[in-house]
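Chemist: Turn this into a model:
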Amino acid sequence: MALLERLRSGSAGPRGAEHVAAHLRDLLAGERGFASVLPDFGVRSETKWGAPATEGEPEDPIERLRLELVRNIARYEGALGDFTLTALSRDAGGRVRFLLTGRLRSSGAVVRLHLVFDIWTRRVDVTEART
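Modeler: Predicted coordinates for the structure are as follows:
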């Protein structure tokens, strides 16, 4: 299976939470023009920080970013089913924190991941959430 096909399906076989976290980190943190499947992630006008909302989009830039993350996770991470992404906080350093909760399609196990988006660098870090 080619790399792009594996990225689109989210898996070449059953995986655990650590594999999902690594896949999302690779998917969302790739820089434009270098190992990037999402060429303008976090840059497009509807999610660019401070840009006006387009018609039908929420005014809140955190909610626009959350929706963009949801669309890309649903499209590229096939191992997760029935997931939710909740915005947790934004700190003074420009980092927005999200909690991703979902079930692995292969085993039904619950996955909880923290996603941290840096609004200045547009970098995303993904780690397992400890309960």
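Chemist: for T101, helix, strand, or coil?
Modeler: strand (DSSP: H, G, I helix; E, B strand; the rest coil).
Chemist: Give me the below-cutoff pLDDT ranges for this protein.
Modeler: 1-15, 29-58, 131 (pLDDT under 70).
Chemist: where do the strands sit along it?
Modeler: Along the chain, the stretches classed as strands by DSSP state E are 80-90, 95-104, 110-118, 124-128.
Chemist: Reformat the ones you listed as a markdown table; add distance to L24.
Modeler: C-betas here are computed from N, CA, C, even on glycine. A markdown table is the format used below for the strands of the chain (distance: least, CB to CB, whole Å):
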| stretch | distance to L24 |
| --- | --- |
| strand 80-90 | 9 |
| strand 95-104 | 8 |
| strand 110-118 | 7 |
| strand 124-128 | 5 |
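Chemist: any chance of those in a markdown table, with mean neighbour count and distance to I62 too?
Modeler: Output for the strands of the chain, formatted as a markdown table (neighbours: other CB atoms under 10 Å; distance: least, CB to CB, whole Å):
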| stretch | mean neighbour count | distance to I62 |
| --- | --- | --- |
| strand 80-90 | 14 | 5 |
| strand 95-104 | 18 | 6 |
| strand 110-118 | 19 | 9 |
| strand 124-128 | 17 | 14 |
